[in-house]
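Participant: the following comprises the amino acid sequence and a computationally predicted model.
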Amino acid sequence: MSEILKTQTPPYRLSDGTGKLHCQGRVCIDASPSATLQLHEDFFLGWNLRNGSNAETYLKLHDGAVLTVHHTFKAFFASSIELFANAHLELGNSYINSGSVISCKKHIVIGDGVAIARNVAIYDSDMHMLIDPSGNQTNSDAPIVIEDHVWIGFGAIILKGVTLGTGCVIGAGAVVTHDIPPYCIAVGNPAKVICEEAQWK
């Protein structure tokens, strides 16, 4: 049985499309009336919930935010997705596991066949401004692109401005601050490529 903890019916603009929103367990949807949820295919919140669990799954859409589900996407129980004002998040046929966070202030794209393990953090912003002596901001937000068939290991952190190339693997606990080429394995903090022409399934 699903329980929507905080929402209206619906509070956001639901665009035309063939997809449906599926909620399992305790789901909190907190959305601005000016936010848009575009469902071209199905979007699952609270997926794979354990019997008897009260874990909460969270979706927050600020003013003008747009969440586009191009292909079926599954957000496991106890995951969190937040889009800040005027941000755009695009989701393919992929999933994020429990405890993972997607925080989108600008633009994040997740392709098809992406496996995102538990406790992964994906942030396209530092969330606070760094100011130089002249009063100028030195750390602008920057988009993230995660191409098709990427595997992101437990506890990895994907930071702003990064592109993860098709088929690459990000090791557990890695902190990714720069682009990772296709079909490479990257580990460490900061993440470094340790293997090229890798394959995974």
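Facilitator: Happy to help now that I have it.
Participant: what bridges to Val193?
Facilitator: Counting by DSSP bridges, Val193 forms beta bridges with Ala186.
Participant: contacts only, for it.
Facilitator: Residues in contact with Val193 (Cβ atoms under 8 Å, 6 or more residues apart in numbering) are 180-181, 184-186. Where C-beta positions appear, they are placed from N, C-alpha and C, glycine not excepted.
Participant: and the gap between it and Thr166?
Facilitator: Look at Val193 and Thr166: by Cβ to Cβ, to the nearest Å, they are 15 Å apart.
Participant: related to what we said a few turns ago, now the contacts of Val193 in TSV, with distance to Thr36 and pLDDT?
Facilitator: Shown next, in TSV, are those (distance: Cβ to Cβ, whole Å; pLDDT from 0 to 100):
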residue	distance to Thr36	pLDDT
Ile180	31	98
Pro181	34	98
Cys184	35	98
Ile185	37	98
Ala186	34	98
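Participant: need those in a markdown table with neighbour count and distance to Lys74, can you?
Facilitator: Formatted as a markdown table, these follow (neighbours: other Cβ atoms under 10 Å; distance: Cβ to Cβ, whole Å):
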| residue | neighbour count | distance to Lys74 |
| --- | --- | --- |
| Ile180 | 24 | 24 |
| Pro181 | 14 | 27 |
| Cys184 | 20 | 26 |
| Ile185 | 21 | 25 |
| Ala186 | 24 | 25 |
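Participant: in these, find the pair that's most separated.
Facilitator: Pro181 and Ile185 (10.6 Å; Cβ to Cβ).
Participant: give me the common contacts of those two.
Facilitator: With Cβ under 8 Å, 6+ apart, Pro181 and Ile185 have common neighbours 168, 193.
Participant: looking at this protein, which helix or strand is least sure?
Facilitator: strand 3-4 (a mean of 51; mean pLDDT, DSSP states H and E).
Participant: check contacts around Pro143.
Facilitator: Contacts of Pro143 by Cβ under 8 Å, 6+ apart are 106-109, 124, 160-161.
Participant: ok, now which ones touch the nearest residue to it once chain neighbours are set aside?
Facilitator: Of all residues not flanking Pro143 in the chain, His107 sits nearest, at 4.1 Å (Cβ to Cβ, 6 or more residues apart in numbering). By Cβ under 8 Å, 6+ apart, the residues touching His107 are 87-90, 124, 143-144.
Participant: output those in CSV, with pLDDT, distance to Gln199 and secondary structure appended to each entry.
Facilitator: Formatted as CSV, the contacts of His107 follow (pLDDT from 0 to 100; distance: Cβ to Cβ, whole Å; DSSP: H, G, I helix; E, B strand; the rest coil):
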residue, pLDDT, distance to Gln199, secondary structure
Ala87, 98, 33, coil
His88, 98, 31, strand
Leu89, 98, 28, strand
Glu90, 98, 26, strand
Asp124, 98, 28, coil
Pro143, 98, 27, coil
Ile144, 98, 23, strand
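Participant: would you mind listing which of these are buried?
Facilitator: Applying 16 or more other Cβ atoms under 10 Å to the contacts of His107, the neighbour count classes 87-90, 124, 143-144 as buried.
Participant: lovely, talk soon.
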